[in-house]
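Chemist: Provide a 3D model corresponding to the input given below.
(one chain, ligands or ions: 2)
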Amino acid sequence: MKLSASIDNAMPELVAIRRDLHAHPELGLAETRTSAFIARHLEALGYAVTTGLAKTGVVGTLRNGTGSRSIGIRADIDALPIQEETGLDYVSRTPGLMHACGHDGHTAMLLGAARALAERRNFDGTINLIFQPAEENFGGAKIMVDEGLFDRFPCDAVFALHNEPNLPFGQFALREGPIMAAVDEARITVHGRGGHGAEPQETADPIVCGASIVMALQTIVSRNIHPMDPAVVTVGAFHAGSASNIIPERAEIVVGIRSFDSAVRDALEHRIRMIAEAQAASFGMRVTVDYERSYDATINHQAETDFVRDLAIRFAGADKVVDLARPFMGSEDFAYMLKERPGSYFFLGSRATGDEKPLHHPGYNFNDDLLPIGAAFWTELAEAYLARS
Ligand SMILES: [Zn+2]
Ligand SMILES: [Zn+2]
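Modeler: Numbering: from 1, shown residues only. Ligands and ions are numbered 1, 2, ... in the order given. Below is the predicted model of the structure:
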């Protein structure tokens, strides 16, 4: 059967899978229902299924022919702690949890490819379909790698995609080299001395000190980092106080930090610590800075990105394929798979009407019309990579 026909036939099943996953979102490393659902599906298709990597990760392996080459394709499976506000009839059944990043769609697309690949058997080698937990928070990709993912399931190359409501529907957006930023988080606690709001002279006001730190942090990117080096310092939260007549004991500032270059990353941490400590000292106060390095930057490899580009042009037409001029400042733990194996991570546009909500918005929904495109593309990608010689 032609691929397009087999994927068209599968469309009702793909939509049903996606909506079932959407109605049952689970947080990172707790995707037990999702994981069991995927494993059942892959087993029914004849895949050798391994569960338990990074707790809830699943790998489905399919061999064909005698070839020794292998490929890994990754889908992320976790949801977000967001209260859904879509009003869909398949809305999340778990209060406070939602598939707001489209990982339900990524999972359904890869399961669609799993079926087509198993039915067509049009490849020579080994396909590893990697269903990865905890992309949003705990770095499930790194956990899977640390638990021996690529030792147990050798992959000559790895690939992953993400839907993107800001890009036109069906557009493939790729980039050689850096595509997603490294992300770190700093928690700055200002230790003051609380008291009556009418007697500030008897206190050490952590709100004033904290506000000063927030303003001074704005100078790091503008004054300390090279203008051509991308970096972001965002104060995402400032917690302090409760009433106008009370000076609180402490203030907490939470900072999100993004960068690509490791020297820039070091400089950002150094300056954040220095500013927090020196500003506090100038107010006669003390800070503690809890600085946590999170995901590394996602860096695509050249040959595999060229491979995706060539295939996408054949698959969708040159007008549907763009090379991103700039990387995104968001982050992605597929970075850790790309540090172990060559590969490429790319975006698939989903903007159809222009009213789409962005990723991580309570009104976001994955565009089901992408399902056959993603499933067919993954199928063609695996078949092309493991083409019979
Ligand atoms: Zn996300
Ligand atoms: Zn995502």
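
Chemist: correct me, but residue 174 touches residue 347?
Modeler: Yes: with contact defined as CB atoms under 8 Å, residue 174 and residue 347 form a contacting pair (7.4 Å). For glycine as for every other residue, the C-beta is placed from the backbone atoms N, C-alpha and C.

Chemist: Spatially, what comes nearest to residue 256 if we skip its sequence neighbours?
Modeler: Excluding the flanking residues, the one nearest residue 256 by CB to CB, 6 or more residues apart in numbering is residue 234, at 4.5 Å.

Chemist: Now do the contacts for the one you found.
Modeler: Residue 234 is in contact with 255-258, counting by CB atoms under 8 Å, 6 or more residues apart in numbering.

Chemist: Reformat the residues you listed as CSV; add neighbour count.
Modeler: Below are the contacts of residue 234 laid out as CSV (neighbours: other CB atoms under 10 Å):
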residue, neighbour count
255, 24
256, 17
257, 26
258, 24
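
Chemist: Burial check on residue 325, number of neighbours?
Modeler: Neighbours of residue 325 under the rule other CB atoms under 10 Å: 6.

Chemist: One more: residue 313?
Modeler: The number of residues near residue 313, taken as other CB under 10 Å, comes to 14.

Chemist: Phi, psi for the spatially closest residue to it that is not a sequence neighbour please.
Modeler: Of all residues not flanking residue 313 in the chain, residue 321 sits nearest, at 5.1 Å (CB to CB, 6+ apart). Main-chain torsions, residue 321, degrees, to the nearest 10: phi -130, psi 120.

Chemist: ok, residues contacting the least confident helix or strand in the chain by mean pLDDT?
Modeler: The helix or strand of the chain with the lowest confidence, counting by mean pLDDT, DSSP states H and E, is helix 3-23 at a mean of 93. The contact list for helix 3-23 (CB under 8 Å, 6+ apart) reads 34, 37, 41, 77, 88, 90-93, 99, 104-105, 107-109, 111-112, 115-116, 119-120, 365-366, 368, 371-372, 375-376, 379-380.

Chemist: Which members of those residues occur in helices, if any?
Modeler: 34, 37, 41, 104-105, 107-109, 111-112, 115-116, 119-120, 371-372, 375-376, 379-380 (DSSP state H).

Chemist: Need the buried ones from those residues selected in ChimeraX.
Modeler: If you want just the buried ones from these in ChimeraX, going by 16 or more other CB atoms under 10 Å, the selection is:
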select :34,37,41,104,105,107,108,109,111,112,115,116,371,372,375,376,379,380
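
Chemist: Below-threshold pLDDT in the stretch 251-389 of the chain: ranges please.
Modeler: Along the stretch 251-389 of the chain, no part satisfies pLDDT under 70.

Chemist: Please enumerate the helices of it.
Modeler: 262-282, 302-316, 335-340, 370-385 (DSSP state H, counting those that start in this stretch).

Chemist: which residue is nearest the centroid of the chain?
Modeler: Nearest to the geometric centre of the chain sits residue 332, at 3.9 Å (CA atoms, centre = their mean).

Chemist: For it, which non-adjacent residue is closest in space?
Modeler: residue 180 (4.3 Å).

Chemist: Would you mind measuring from the residue lying closest to residue 277 once chain neighbours are set aside to residue 192?
Modeler: Closest residue to residue 277 apart from its sequence neighbours, by CB to CB, 6+ apart: residue 287 at 5.8 Å. Distance, residue 287 to residue 192, using CB to CB, to the nearest Å: 10 Å.

Chemist: CA-only coordinates of stretch 134-148 in CSV, if you can.
Modeler: The C-alpha coordinates for stretch 134-148 follow below in CSV (Å, rounded to 0.1, in the frame of the first residue of the first chain):
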residue,chain,number,x,y,z
ALA,A,134,9.7,14.3,31.7
GLU,A,135,10.8,16.6,28.9
GLU,A,136,9.2,19.6,30.7
ASN,A,137,10.9,19.3,34.1
PHE,A,138,13.2,16.5,35.1
GLY,A,139,15.2,15.9,32.0
GLY,A,140,13.9,12.5,31.1
ALA,A,141,16.2,12.4,28.0
LYS,A,142,19.3,12.7,30.2
ILE,A,143,17.9,10.1,32.6
MET,A,144,17.3,7.6,29.8
VAL,A,145,20.8,8.3,28.4
ASP,A,146,22.4,7.9,31.9
GLU,A,147,20.5,4.6,32.2
GLY,A,148,22.1,3.3,29.1
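
Chemist: Give the buried residues for that stretch.
Modeler: Buried-residue list, stretch 134-148, by 16+ other CB under 10 Å: 134-136, 138-145.

Chemist: on that earlier part again, residues in contact with both of residue 174 and residue 347, list them for me.
Modeler: Going by CB under 8 Å, 6+ apart, residues that sit against residue 174 and also against residue 347 are residue 324.

Chemist: hang on, the earlier thing: tell me who's in contact with the residue nearest to residue 332.
Modeler: 297-298, 327-328, 330-332, 335, 345.

Chemist: Of the residues you listed - the most surrounded one?
Modeler: Result: residue 298 is most packed of the contacts of residue 180 (other CB under 10 Å), 28 neighbours.

Chemist: Isn't that one up against residue 336?
Modeler: No: in this structure, residue 298 is not within contact of residue 336 by CB under 8 Å, at 9.0 Å.

Chemist: which stretches of the stretch 51-200 of the chain form strands?
Modeler: 57-64, 70-76, 125-132, 157-168, 172-174, 177-180, 182-191, 195-196 (DSSP state E, counting those that start in this stretch).

Chemist: would you list the ones you listed in JSON lines and tack on mean pLDDT and distance to residue 272?
Modeler: Shown next, in JSON lines, are the strands of the stretch 51-200 of the chain (pLDDT from 0 to 100; distance: least, CB to CB, whole Å):
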{"stretch": "strand 57-64", "mean pLDDT": "98", "distance to residue 272": "33"}
{"stretch": "strand 70-76", "mean pLDDT": "98", "distance to residue 272": "29"}
{"stretch": "strand 125-132", "mean pLDDT": "98", "distance to residue 272": "30"}
{"stretch": "strand 157-168", "mean pLDDT": "98", "distance to residue 272": "29"}
{"stretch": "strand 172-174", "mean pLDDT": "98", "distance to residue 272": "32"}
{"stretch": "strand 177-180", "mean pLDDT": "98", "distance to residue 272": "21"}
{"stretch": "strand 182-191", "mean pLDDT": "98", "distance to residue 272": "5"}
{"stretch": "strand 195-196", "mean pLDDT": "98", "distance to residue 272": "29"}
